[in-house]
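Colleague: Predicted model follows, preceded by the sequence.
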Amino acid sequence: MTTGNFDDYRRERTVRSSWRAARILLAVLTVLALAGAGGLFALGRIADIGPFSTGTPQADYRPDQWEAIVVNRWNRIPDDYPEPALTDLDGGIRVDERIAPDLNRMLDAMRAAGLDPTVTAGYRTRADQERIVRDRTFLNENQGMEEEQALQAAERAVGAPGMNEHELGLAVDVTARGTDAQARQGVAEWLAAHAWEHGFTQRYPHGREQLTGMDESPRHYRYVGADLAARLHDDGLVLEELERTA
């Protein structure tokens, strides 16, 4: 396979996805011709977007249990999910301000244990996530994968747009500063043992890929609150299992 570059790749993707833009334009014109709920219904059915979409169901969201929302490849971020109020961490990373106190306490505890942690990812916009998936898909294609296979692998690794916890502002990627493999392993082991004490759970552990729909990620942690984190830890569960037993 001939190796391309990101600009060529994005141009090719734009051409291949032109039919999608045509469908959306048709949907907009249809909505303009209809009124009220009927218009929203048409938008969802024709363009497959919005609250009447025929695609992936929306995750169950309850404002009084915001930390328990389960977003994955089977449950997308709800259309009415509120824009998170964000706060800045070191390095320009942002997270939902409600998780920052517990996150900072966890980072302080890690430093007290002799580690040097850093948060490498926090809140992402939908556009951020779309770009990340495009770039990962490009890399997969340059390694010999067919287009659909490359996209699926990218989404298993980093999460499909609209179905990724980083867009909630409740997820962080935590590792050690620098490139020392032993230091990174030390951070991963500490998190696996102690993150639950600070309200976080390892979202994509080894051996649960079929349940979570995602590849293993030892650095991806999701805030779920103290009570839920303790339950997940004590019972050895991931959020998908808890949802099924609720």
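Modeller: Yep, it's here. Residues are numbered from 1 along each chain as shown.

Colleague: Distance of A112 relative to R105?
Modeller: Taking C-beta to C-beta, to the nearest Å as the measure, A112 and R105 are separated by 10 Å. In this view, the C-beta of every residue, glycine as well, is placed from N, C-alpha and C.

Colleague: ok, the two, which is more surrounded?
Modeller: With other C-beta atoms under 10 Å as the criterion, A112 and R105 differ in neighbour count, and R105 comes out ahead with 13 against 8.

Colleague: pLDDT wise, what is that one at?
Modeller: Model confidence at R105, expressed as pLDDT, equals 97.

Colleague: Quick one: residues contacting it.
Modeller: Shown in contact with R105 (C-beta atoms under 8 Å, 6 or more residues apart in numbering): H198.

Colleague: A helix includes it, no?
Modeller: Yes: remark: R105 belongs to a helix, assigned using DSSP: H, G, I helix; E, B strand; the rest coil.

Colleague: Now do it against L242, distance only.
Modeller: With distances taken as C-beta to C-beta, R105 is found 24 Å from L242.

Colleague: Follow the chain on from the helix or strand containing R131 and name the next helix or strand.
Modeller: Of the helices and strands defined by DSSP states H and E, R131 is found in helix 126-142. Past helix 126-142, heading to the C-terminal end, the next element that is a helix or strand (DSSP H and E) is helix 147-158.

Colleague: ok, which stretches of the protein are helices?
Modeller: In chain order, the chain shows helices spanning 6-16, 18-33, 36-47, 100-112, 126-142, 147-158, 181-194, 209-212, 226-235, 239-245, with DSSP state H as the criterion.
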